[in-house]
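# fold the following, please.
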Amino acid sequence: MSRVPIDKLRGGMILLRPVTNKAGMVILGQGMELTERLIGRLSETDIMGAYIQGMSEPSVPREEALAGLDGRFRNVEGEPHMDFLKRTVRKYIEGLYAQS
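Below you'll find the predicted structure:
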């Protein structure tokens with residue numbers, strides 16, 4: 001399980017653990033659904049991130065995940081829509097590893 005940085009939080013995510021400040025005071029309770037407004041308020045504090053339900057550590061090394069992506073798109077290289085899709089998925093995969 002990894003902490004999701006504030007800039008990666010999105011409305012609708014559910015907190016796995018309470019969000020606390022440096023003094024240990026609970027800011028948001030476990031199980032609370034995040035809204036864009038709450039995320040905005042968190043970003044104005046010293047809170048660095050939150051533990052989110054359903055988010056876990058990637059099960060394969062980053063290089064292996066990106067190599068698998070390259071392999072899946074090998075036969076459609078140069079096709080604009082597929083190149084766009086590949087870049088989008090690559091960005092998503094890289095984001096998963098940035099959280100760790």
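# elements contacting the helix or strand containing Leu96?
According to DSSP states H and E, Leu96 maps onto helix 80-98. The contact analysis (3 or more CB pairs under 8 Å, 6 or more residues apart in numbering; DSSP states H and E) places helix 80-98 against helix 62-73. Quick note: C-beta positions are derived from backbone N, CA and C, even for glycine.
# dump the residue contacts of Leu96.
Shown in contact with Leu96 (CB atoms under 8 Å, 6 or more residues apart in numbering): Pro58, Ala65.
# so where is this structure shaky, pLDDT-wise?
Applying pLDDT under 70 to the chain picks out residues 1-2, 55-57, 99-100.
# domain ranges for it?
Listed domain ranges for the chain are 3-51, 62-98 (source: automatic domain parsing).
# most packed of those domains?
When the domains of the chain are scored by mean count of other CB atoms under 10 Å, the highest mean neighbour count falls to domain 3-51 (a mean of 14).
# for it, how far is the first residue from the last?
Start-to-end span of domain 3-51 (CA to CA, to the nearest Å) is 5 Å.
# roughly how far out does it sit from the chain middle?
13 Å (CA atoms, centre = their mean, to the nearest Å).
# okay, angle between the helix holding Leu96 and helix 62-73 too, please.
170 degrees (axes from the mean of the first three to the mean of the last three CA atoms, to 10 degrees).
# from the chain's centre, how far out does helix 80-98 sit?
For helix 80-98, the distance to the chain centre is 13 Å (CA atoms, centre = their mean).
# now stretch 50-64
Distance, centroid of stretch 50-64 to centroid of chain: 8 Å (CA atoms, centre = their mean).
# now do that stretch: distance from first to last residue.
Termini of stretch 50-64 sit 27 Å apart (CA to CA).
# residues contacting Ala98?
Counted by CB under 8 Å, 6+ apart, Ala98 has contacts Pro5, Lys8.
# from Lys22, how far off is it?
23 Å (CB to CB, to the nearest Å).
# equivalent analysis for Glu64, please.
37 Å.
# just Phe84 next, same as before
42 Å.
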